[in-house]
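Visitor: dropping the sequence and predicted coords here.
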Amino acid sequence: MSDPLNWNGKSRLDRLEGLIERLVTAQLRLMDHVEKLTGHVDTLAVTVQHLATATKERLEGLTKAILELAEFQKQTDERVNALINLVHELVRKGTTPPPRSRPH
């Protein structure tokens with residue numbers, strides 16, 4: 001069986017061989033790109049892990065600060081309420097607070 005030539009003068013076998021060479025070249029480039037992308041993904045994974053750790057630490061610090069502020073606010077509320085009650089009692093009884101002593 002003869003291998004007829006196409007209009008470019010190449011045999012079918014030559015055309016197939018050329019296609020295979022291009023496919024192999026494309027596959028090698030693709031593998032190179034995948035390898036580079038894998039490296040980038042690995043780098044991103046490490047970066048994301050560091051960011052997650054830093055975020056967790058900062059959130060823990062903020063949570064602690066908020067809890068401390070809530071406690072200080074509670075203490076302030078108690079003091080303000082005590083002051084309000086004292087002033088209310090003084091006004092209700094019609095008494096005036098003792099005069100302040102002046103420095104000599």
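Guide: That came through fine.

Visitor: hey, let's count contacts and neighbours off CA atoms from now on
Guide: Noted.

Visitor: gap between residue 92 and residue 77?
Guide: From residue 92 across to residue 77, the span is 22 Å (C-alpha to C-alpha, to the nearest Å).

Visitor: quick one: which of the two has more around it?
Guide: residue 77 (12 against 9; other C-alpha atoms under 10 Å).

Visitor: which other helices and strands contact the one helix or strand residue 27 maps to?
Guide: Residue 27 is part of helix 12-93, with elements assigned from DSSP states H and E. Applying 3 or more C-alpha pairs under 8 Å, 6 or more residues apart in numbering; DSSP states H and E, one finds that helix 12-93 contacts no other helix or strand.

Visitor: so how far is that helix off the chain centroid?
Guide: Offset of helix 12-93 from its chain centre (C-alpha atoms, centre = their mean, to the nearest Å): 2 Å.

Visitor: what does the average pLDDT come to for that helix?
Guide: The pLDDT scores in helix 12-93 average 95.

Visitor: what residues are up against residue 56?
Guide: Not one residue lies near residue 56 by C-alpha atoms under 8 Å, 6 or more residues apart in numbering.

Visitor: switch the cut-off to 10 Å
Guide: 50, 62 (C-alpha atoms under 10 Å, 6 or more residues apart in numbering).

Visitor: now swap in residue 68 and tell me
Guide: 62, 74.

Visitor: helix/strand/coil for residue 102?
Guide: Of the three states, residue 102 takes coil according to DSSP: H, G, I helix; E, B strand; the rest coil.

Visitor: confidence score at it?
Guide: Here, the pLDDT recorded for residue 102 equals 72.
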